[in-house]
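Q: sequence first, then the predicted structure:
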Amino acid sequence: MEEEGFDDRAQRFYDRVRKNIQRYLDGKGKVVERTGEYLLLVPDFFILLWRLTRDERVTGRNKMLLVSSIGYYIIPFDFIPEAIFGPIGYLDDLVFGVYVLNRILGDVDASVLREHWSGDTDVLDAIQRVLNAAESLVGSDVLGRLKKMMMK
């Protein structure tokens, strides 16, 4: 397959997830206001993970971590499956992706993340906000499992 095909599929995934989340939030109104702020970060973090796997400044070891996080986004059965919970199911994907990004920040300069970031706020601020809210977003049990996955 051509490399553009992979980029096109990543972009389509990004667009589809953003559209589904926005439609979900529009239908829920104030009920999910706090969670909605984080759900809207899901596609931005997904595309950041994808772009970083393509960046030559990221080591092979870190690319493997990034690929595992992308896989977690895509796999239909995870700790909070989207097929059962709808867009709320992306919160564990978001938290896992952010933990991966936080882990690679020791090796990858923040400017590289900023270069690939599509979000409206600074990527480091967004990472910190998700890390601070992780337990309230996914619960302590799921958070503990995600942290264990990071240890492997």
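A: That came in fine, so what should we check first?
Q: give me the low-pLDDT residue ranges for this protein?
A: Counting by pLDDT under 70, the chain has low-confidence residues at 1-4, 6, 29-33, 152.
Q: helices along that one, start to end?
A: With DSSP state H as the criterion, the chain has helices at 3-28, 33-39, 42-53, 60-74, 82-85, 90-104, 110-116, 123-151.
Q: other SSEs contacting the third one?
A: Spelled out, that is helix 42-53. The contact analysis (3 or more C-beta pairs under 8 Å, 6 or more residues apart in numbering; DSSP states H and E) places helix 42-53 against helix 3-28, helix 60-74, helix 90-104, helix 110-116, helix 123-151. Every residue, glycine included, has its C-beta placed from N, CA and C.
Q: just the first one next, same as before
A: Helix 3-28 makes packing contacts with helix 33-39, helix 42-53 when contacts are defined by 3+ C-beta pairs under 8 Å, 6+ apart.
Q: against A133, how distant is E56?
A: Relative to A133, E56 is positioned 33 Å away (C-beta to C-beta, to the nearest Å).
Q: compare those two (neighbour count), which wins?
A: Between E56 and A133, counted using other C-beta atoms under 10 Å, A133 has the larger neighbour count: 18 against 5.
Q: so what's R18 closest to, chain neighbours aside?
A: Take R18 and drop its neighbours on the chain: the residue closest to it by C-beta to C-beta, 6 or more residues apart in numbering is P43, 4.2 Å away.
Q: still on that earlier bit, most packed of the helices and strands packed on helix 42-53?
A: helix 90-104 (a mean of 23; mean count of other C-beta atoms under 10 Å).
Q: report the angle between that helix and helix 60-74.
A: 170 degrees (axes from the mean of the first three to the mean of the last three C-alpha atoms, to 10 degrees).
Q: what does helix 90-104 rub up against?
A: Helix 90-104 is contacted from outside by 17, 21, 35, 38-39, 41-42, 45-46, 48-49, 52, 58, 62, 65-66, 68-69, 72-73, 78-80, 82, 113, 127, 130-131, 134, 137-138, 142-143, 146-147, 149-150, using C-beta atoms under 8 Å, 6 or more residues apart in numbering.
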